Structures are given as structure tokens and as C-alpha cells.
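Novice: return atomic coordinates for the entry below.
(one chain, ligands or ions: 2)
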Amino acid sequence: MSSLLIRNIKNLVQAETTPRPVVKGAAMQELPQVENAFLLIENDRIAAFGPMEKCPERADSVVDATDRMVFPSWCDSHTHIVFAASREEEFVDRIRGLSYEEIAERGGGILNSARRLQQTSEDALFESARQRLEEVVGFGTGAIEIKSGYGLTIESELKMLRVIRRLKAVSPIPIKATFLGAHAIPMEYKQRRQEYVDLVVQKMLPQVAAEGLADYCDVFCDRGFFTVEETERILQAGWMYGLKPKIHANELDYSGGVQVGVANHAISVDHLEYTGDAEIEALKSGHTLPTLLPACAFFLGIPYGPARKMIDAGLPVVLASDYNPGSAPIGRMAFIVALACIKMKMLPEEAINAATINGARAMEQEAEYGSIAIGKKANVFITRPIPSIAHIPYAFGLDPVETVIVNGNIWHKPAPPLV
Ligand code: NIG
Ligand code: FE
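Specialist: Ligands and ions are numbered 1, 2, ... in the order given. Take a look at the predicted model:
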């Protein structure tokens, strides 16, 4: 057994004696904390915590956290970190006036990423995604979901999911894999879109399931992408293989995506920039989590999802990065929390709940991650010296994370290879 003791913690944040599986509505303002605290980790698990008066005398390693806070690691429940290349040409096209949808209609956007990914080897994709994973672990992410969806052919979708399987094997943090074959209709199927949906349902899904490559099934249900009917067909087919839905919805319009997700028992519906009363009513009627991705709204200059309205309606809002080359080239969750506060008027406590325990729930990982509770996995981070919790979103350009602890060990970013 090895033990690690963190002493003199200014605030031990999200420390729970009775772990909450998810936090909803008004309760999102509550962030349980212990001031002037200690945290004891044994092996890879949280063993004890409490006020410094009760701090154990010794441990195998001791870290002093004077002036620093300790948080449970971020749980990033929506990313696309397997991709072949960045897309800054489209970024400049948007600066010049084209919209995201106009770029997509011309065969850019997701189709551009798909063309590049199809031409890239599995090994090269693995290496670049591994580096992104390392980058976000360094930013304090302690559990993550990763999607396919830049393949759009059987071979390339499988290639992406095999890359995610390889990442799972080497990753220090847990990964959930999501099959997103229905991310966009490939150009050659534009006039026969039903055939593409057939391909997803009849060829891709059975193969993905046979190889056990995915935990969840996603569809981009939105204007210009997949219809409600197509989405429903794919989600129901996914369920036949035991893949729970977790979908992209209402980024570009009131697409019906939220309702079809709730009706098909999706774990989460993500984006939700276009959310009105009907969507909120649908969410209130089920258990599907609303996930907001403010980096996408920021980067594309589209409206932000109505976080306040959702929380005031009693919903459990989740925050995730959406790290991808087209709409959110960032995986730094502290900035996502800052955007949520600055642009969506979430309180810092609400945003932190949304990015930790609710993010864990959106990956069905809440029993092990997302808060500091006895028996949970010791994936936490120690901040640099900060005066208050609100300072994290306030100082939005600074990285609050000073020391990352993964599976009970202090994590050091591996040195870059010598060239
Ligand atoms: O979550 N909206 C759909 N999919 C991704 C972006 C895909 C892309 O532009 O590459 C998203 O924003
Ligand atoms: Fe996404």
C-alpha cells in the first residue's frame, strides 16, 4: 500500500460525505467544501479527508498545499480528440463572413476533417490523439469521452474507434467511446441520404458492436445534418446493440433533437444553443442530461445555450469542452467553466458542479469520479495559490492547475521525444 497526504489545503472543494450522483437546479449552487483541510489517498483511492486538526501524522509522501485548493478533476463528457488536422483555413473563412453551415454545405467542415482522416494512418491518428489526451490531463481532466465521426466510411469509422480503444489501453484516465457514424452525410450520399443511414444502421453499427468498440451512440440531429426520423432510427438501432444514445442536438436550430433524445432515453443531449420552452419541458419529463458546450458558441459566434433558464427549471446542467478542430479547438476545462460564468451567467459553484460531478454522470462515471468522497478514485488537482473559487473563472486566461494527481500519483507530463 502506498499513501499520499495533502496537507494545509485552503479549500477542499466538492468534498462529500454523502456522494451525490448528480446535482440539479437550485442545488447546483451548493459546492461542499472543507476549509483548512487534509486529503489522504491510499493507493489509487480517496481514503480520508477532514479539517487539519484531524490530519494523520504521516504518510509515504506528503504534499503541502498552503494557499492552494484541491478539486476533483474535471470530467469532460464530450470531445472529438481523434482528428487528423486543424482547420484554421475555415476559421479565416468565417472571419471573412462565411457561416459554419455555409462552409459545411460546400463540403468543408466535418467532411473536410473526414477526407483528411481517411488519408491518415491509424498510428498517426493514435499519436496525435495521445498527445491531446496528455495535454488535457495536464489541464486537470480526470475522465473523458471521445467520439468517432470523422471517418464516415466503415473502414474509417472503425479506424477511429480502434484508435480510441488503443487510447483506452494506455490512458491514465478513464475513457468512454462514442460511435458517431451519423455526424454528417458524405457528399456522394447527398442525393441518396437514406442509403447512408442504411449504411450506419446495417453495416457500421453491427461491426462496431461486434468488436465492442463503443459505449455510446451519437447522431448530429440538426438542420442540414440528420433529421429527427433518421436520428430515431439510428438511436433505436444503437439500443439493439446495447449502445445508449448521447447525441448532438439543437446547435443550429430548434431541430427536435432534444425531444428525440429524451424520447429515446439518451444519457445526454449536447449543444442545445437553441433551447426554448418545449425543449425544457421535454428535459424535465425525462432523465436525459442537458450538456452545454460554450466553447463552440464562443468560437462560432452562435448563441449560448440558456443555462440559467435550465437551472432555474430544476435541470442538471453539464458542461463539456467539445474539443474538436472545427467548432471548439480547446480542451482546457477551466476556460469552459469561465465561459459558462461570463457568457451564460452560471455561478462559479454551478459551473464547477456542471464540469465535475454532472460531467461524470454524463459518462456514467459518477460512482468513481466527479467529487472527493471516500472510496472514489483519486483523480484530483491542486491549484496554484488562489484567493477564492471565483478567481478561477475570473482569471480566465490563467491555468489554475498546478499539480495533477491521477490514480493517486502525482502526474508528470512525459518529456517530448528527442529529435
Ligand atoms: O460538436 N456539431 C457537430 N459536431 C462537432 C463539430 C464538428 C466539426 O466542425 O468538426 C461539434 O461542434
Ligand atoms: Fe461535438
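Novice: could you use CA atoms for every contact and neighbour count after this?
Specialist: Noted.
Novice: can you pull the contacts of whichever residue of the chain sits closest to ligand 1?
Specialist: Nearest residue of the chain to ligand 1 (Cα to the nearest ligand atom) works out as Gly326 at 3.6 Å. By Cα atoms under 8 Å, 6 or more residues apart in numbering, Gly326 lies in contact with 86-87, 90-91, 109-110.
Novice: Ile144 too?
Specialist: If you count contacts by Cα under 8 Å, 6+ apart, Ile144 has them with 75-79, 173-176, 363.
Novice: what residues does the stretch 201-350 of the chain have near ligand 1?
Specialist: Residues of the stretch 201-350 of the chain lying close to ligand 1 (Cα under 6 Å from any ligand atom) are 220, 322, 324-327.
Novice: and those, which two are the farthest apart?
Specialist: The most widely separated members of those are Phe220 and Pro325, with 16.1 Å between them, by Cα to Cα.
Novice: quick one, which of those two is more surrounded?
Specialist: Neighbour count, other Cα atoms under 10 Å: between Phe220 and Pro325, Phe220 has more, with 25 against 22.
Novice: tell me the SS of the residue lying closest to the more buried one once chain neighbours are set aside?
Specialist: Nearest residue to Phe220 in three dimensions, chain neighbours excluded: His248, at 4.6 Å (Cα to Cα, 6 or more residues apart in numbering). Here His248 takes the strand state, with states given by DSSP: H, G, I helix; E, B strand; the rest coil.
Novice: hmm, Cys221 and His248 touching each other?
Specialist: Yes - using Cα atoms under 8 Å, His248 is in contact with Cys221, at 6.0 Å.
Novice: which of these two has more neighbours?
Specialist: Taking other Cα under 10 Å, His248 and Cys221 do not tie; Cys221 has more neighbours (31 against 23).
Novice: tally of neighbours for the residue nearest to Ile382 when sequence neighbours are not counted?
Specialist: Excluding its sequence neighbours, the residue lying closest to Ile382 (Cα to Cα, 6+ apart) is Val70, at 4.5 Å. Residues near Val70, counting by other Cα under 10 Å, number 27.
Novice: can you report phi and psi for Val70?
Specialist: Backbone torsions for Val70, taken as degrees, to the nearest 10, come to phi -120, psi 130.
Novice: from Ile372, how far out is it?
Specialist: 9 Å (Cα to Cα, to the nearest Å).
Novice: which neighbours do those two share?
Specialist: With Cα under 8 Å, 6+ apart as the test, Val70 and Ile372 both reach 13, 380.
Novice: for Tyr254, give me its contacts.
Specialist: 222, 274-276.
Novice: ok, now with 10 Å
Specialist: Contacts for Tyr254 (Cα atoms under 10 Å, 6 or more residues apart in numbering) come out as 222-223, 272-276, 278-279.
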